[in-house]
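>>> Quick one, structure for this:
(one chain, ligands or ions: 2)
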Amino acid sequence: MVETLWGSDAVAAVVRTLDIPYVALVPGASYRGLHDSIVNFSGNENPRMLLCLHEEAAVAIAHGYAKVTDKPMLAIVHSNVGLLHASMAIFDAYCDRVPVIVFGANGPVDATKRRPWIDWIHTTLDMGSPVRDFTKWDDAPGSPGAAVESVLRAWQIATTAPKGPTFVVFDAAWQEQQLEKLPKIPSDPSKYAAPAPPAPSGAEVERALAILKNAKRPAILAGRSSRSVASWDARVALAEALGAKVISVQRAGAVFPTEHRLHVGHAAQKPALDALREADAILDLDAIDLGGILRDAFKGDVTATVISCSLDRYIHKAWVADYQTLPALDLNISASPEALVTELVNALGKPAPAPVHRNGAAPRARPKADGGAFTMDAFSATIGEAFAGLDRCFVKVARGVKASDTPLRHPLDYLGSDGGGGVGSGPGIAVGAALALKGSGRLPVAVLGDGDYLMGVTAIWTAVASEIPLLVVVANNRSYYNDEVHQERIAIRRGRPPERKWIGMRIDGPAPDCAKFAEAQGAIGIGPVGDADALAAAIAQGIAHVRAGKVCVIDAHVVPDAVANAAVPADVMDRAEK
Ligand SMILES: Cc1ncc(C[n+]2csc(CCOP(=O)(O)OP(=O)(O)O)c2C)c(N)n1
Ligand SMILES: [Mg+2]
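Ligands and ions are numbered 1, 2, ... in the order given. So this is what the prediction gives:
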């Protein structure tokens with residue numbers, strides 16, 4: 001029997017050549033054709049469907065997956081409504097420079113083919129417009145044949161450095177058209193793969209090397225990087241060969257062994273800012289907000305010679321100022337930072353990285369539970385102790401968890417921020433990262449604020465339904481506490497009562513039961529726990545559950561006030577006035 005073919009089969013046919021194992025989606029009639037093609041034409045393989053309860057979770061899962069693998073997953077969202085739900089997660093992936101391919105659907109664009117009402121409100125003249133300012137590219141191919149090329153281009157652009165999300169929308173009408181035969185699907189998709197990111201020129205390498213070798217106090221600012229061990233090792237080798245102090249950028253995740261004798265801290269910490277100020281040459285490796293870091297370190301004229309290596313300028317647009325402060329540079333290299341590091345290490349005679357010399361910081365022990373308040377400081381120490389020595393990946397850590405409690409020894413030890421600072425991204429990114437880590441032996445752990453957890457909580461269901469082991473620990477202060485700190489400052493500045501800072505902030509009375517939110521979705525919920533010993537015991541149980549393939553959420557009740565000081569540096573709110 002010759003199988004009847006349909007327009008959307010062309011999309012499924014090209015996608016299955018692309019090494020995209022999963023698609024996270026919320027269904028909708030605008031792509032019922034494509035949905036059928038993935039299920040019945042591709043057999044729900046390459047990609048396999050992960051059903052989600054919100055489009056924001058679908059894209060966040062793809063985001064988390066790419067944070068671990070550096071490779072894109074697919075997310076599909078229904079017409080304008082699904083895209084609008086997905087938009088914040090697309091924004092986060094864009095700001096995080098993470099490749100995600102989003103498919104959408106529209107129409108029928110031909111009005112004569114529309115069903116009354118619903119097909120009209122879900123048809124949009126320019127579907128990509130709401131997300132165009134924070135995607136790298138979008139397209140609306142007009143036929144199955146055109147869609148094949150669009151999909152290949154979406155894949156190529158998403159994975160070309162600097163990476164980011166792309167969006168392709170398919171017309172419902174041609175998805176459902178019968179085809180005589182499939183359009184030509186390239187047999188070798190690697191011919192459409194992203195090019196290698198540009199390497200620095202020989203002259204740039206020479207110049208950078210001369211500056212760094214002549215420096216008496218060189219420093220390296222380690223920013224965005226792939227999660228590759230080779231590039232991690234190369235950075236260590238370079239720092240050692242130069243005797244350079246290393247300052248890491250916490251939002252970029254694990255980029256340098258934090259216990260290494262040359263690592264002085266992350267860029268928001270005083271010792272790191274001091275080291276930068278004392279440096280006579282600084283090598284920036286795609287730090288997020290280099291200009292802001294230099295401003296914080298020098299508070300005026302930058303006295304060091306600054307070399308910056310980044311490709312980020314190629315993704316900058318006008319809509320969001322994620323390009324940050326414009327830094328003054330002595331040598332501005334538009335190339336892959338990883339390529340520059342490799343070239344520099346080669347030029348220095350390829351020294352191997354030495355085994356890490358610990359910088360002397362011993363892990364803190366969890367404080368004895370003494371019936372007092374469970375502060376964020378105690379919470380952080382307990383997290384640090386519970387996961388010390390374990391092969392684990394902190395997907396995200398809540399405000400107030402101290403970096404020194406969670407030493408980083410491998411690029412997958414910590415995945416950094418969500419990129420766009422969108423509350424609610426935590427659970428979805430955690431599920432996507434856990435999906436990528438499944439079977440690796442590395443335990444995925446997300447330590448989330450209660451606001452972040454509750455806003456994105458339905459992503460947990462996808463982890464359970466798709467058998468993705470994951471541990472979530474909620475630092476539950478029953479508040480959007482970050483913003484209480486802001487209200488407190490505003491009230492003090494205005495001579496108004498700061499004790500009213502909690503109004504419109506506290507998620508309490510009733511406090512949502514975070515463990516029950518997990519249980520309601522088929523996960524294991526533990527807690528609330530209210531002291532260090534109980535949290536340590538809960539984490540031990542949680543780890544066992546996750547090792548047995550389960551999803552487990554631990555609800556830890558912490559005291560709100562303790563988060564405040566750790567959360568917002570005192571000068572941040574006041575900076576605008578200076
Ligand atoms: C989508 C979105 N809405 C609102 C904010 C503003 N905001 C920043 S942090 C924060 C509080 C987050 O609460 P939680 O996750 O509980 O962390 P906490 O500050 O309590 O430690 C809010 C509301 C945001 N960044 N993103
Ligand atoms: Mg909170």
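>>> From now on I want contacts and neighbour counts done on CA atoms only, so please keep to that.
Will do.
>>> Tell me the residues of this structure that contact ligand 1?
399, 421-423, 449-452, 477, 479-483 (C-alpha under 6 Å from any ligand atom).
>>> What is the nearest of these to residue 74?
Of all these, residue 422 has the smallest distance to residue 74: 20.4 Å, by C-alpha to C-alpha.
>>> Could you double-check that the closest one lies in contact with residue 90?
No. Applying C-alpha atoms under 8 Å as the test, residue 422 and residue 90 come out as separate, 10.4 Å apart.
>>> Between those two, tell me which one has more neighbours.
residue 90 (31 against 14; other C-alpha atoms under 10 Å).
>>> Can you tell me the SS state at that one?
Three-state assignment for residue 90 (DSSP: H, G, I helix; E, B strand; the rest coil): helix.
>>> got the contact list for it?
Residue 90 is in contact with 59-60, 131, 134-135, 165, counting by C-alpha atoms under 8 Å, 6 or more residues apart in numbering.
>>> Of the residues you listed, just say which sits nearest to ligand 1.
Closest to ligand 1 out of those is residue 60 (12.9 Å), distances taken as C-alpha to the nearest ligand atom.
>>> How about the contacts made by that closest one?
Taking C-alpha under 8 Å, 6+ apart as the contact definition, residue 60 lies against 89-90, 93, 425, 428-429, 432.
>>> Now list the buried members of the residues of the chain next to ligand 1.
Neighbour counting by 16 or more other C-alpha atoms under 10 Å classes 399, 423, 449-452, 477, 479-483 among the residues of the chain next to ligand 1 as buried.
>>> can you map out the helices along the stretch 151-300 of the chain?
172-175, 202-214, 229-242, 270-278, 290-298 (DSSP state H, counting those that start in this stretch).
>>> For residue 499, give me phi and psi.
With angles defined as degrees, to the nearest 10, residue 499 sits at phi -70, psi -10.
>>> oh sorry, the question was meant for residue 139
phi -150, psi 160.
>>> And the pLDDT at it?
For residue 139, the pLDDT comes out at 98.
>>> how close does it get to residue 125?
For residue 139, the distance to residue 125 (C-alpha to C-alpha, to the nearest Å) stands at 13 Å.
>>> Between the two, point out the one with more neighbours.
More crowded of residue 139 and residue 125, by other C-alpha under 10 Å: residue 139, with 20 against 9.
>>> For that one, give me its contacts.
Contacts of residue 139 by C-alpha under 8 Å, 6+ apart are 128, 150, 167-169.
>>> hmm, 10 Å instead?
Residue 139 sits next to 103, 126-128, 132, 147, 150-151, 153-154, 166-170 when contact means C-alpha atoms under 10 Å, 6 or more residues apart in numbering.
>>> Kindly indicate which of these lies nearest residue 259.
Checking the contacts of residue 139 against residue 259 with C-alpha to C-alpha, the nearest one is residue 166 at 37.5 Å.
>>> and the closest one, how many residues sit next to it?
That count, for residue 166 with other C-alpha under 10 Å as the rule, works out to 29.
>>> For ligand 1, what is the nearest residue in the stretch 251-400 of the chain?
residue 399 (5.0 Å).
>>> Just the pLDDT at that residue, thanks.
We have a pLDDT of 91 for residue 399.
>>> Work out for me the element the spatially most central residue of the chain sits within.
Note on the chain: the residue nearest the mean C-alpha position is residue 418, at 3.9 Å, using C-alpha atoms, centre = their mean. Under DSSP states H and E, no helix or strand contains residue 418.
>>> nearest residue to it other than its sequence neighbours?
Once flanking residues are discounted, residue 418 sits nearest to residue 92: 5.9 Å by C-alpha to C-alpha, 6 or more residues apart in numbering.
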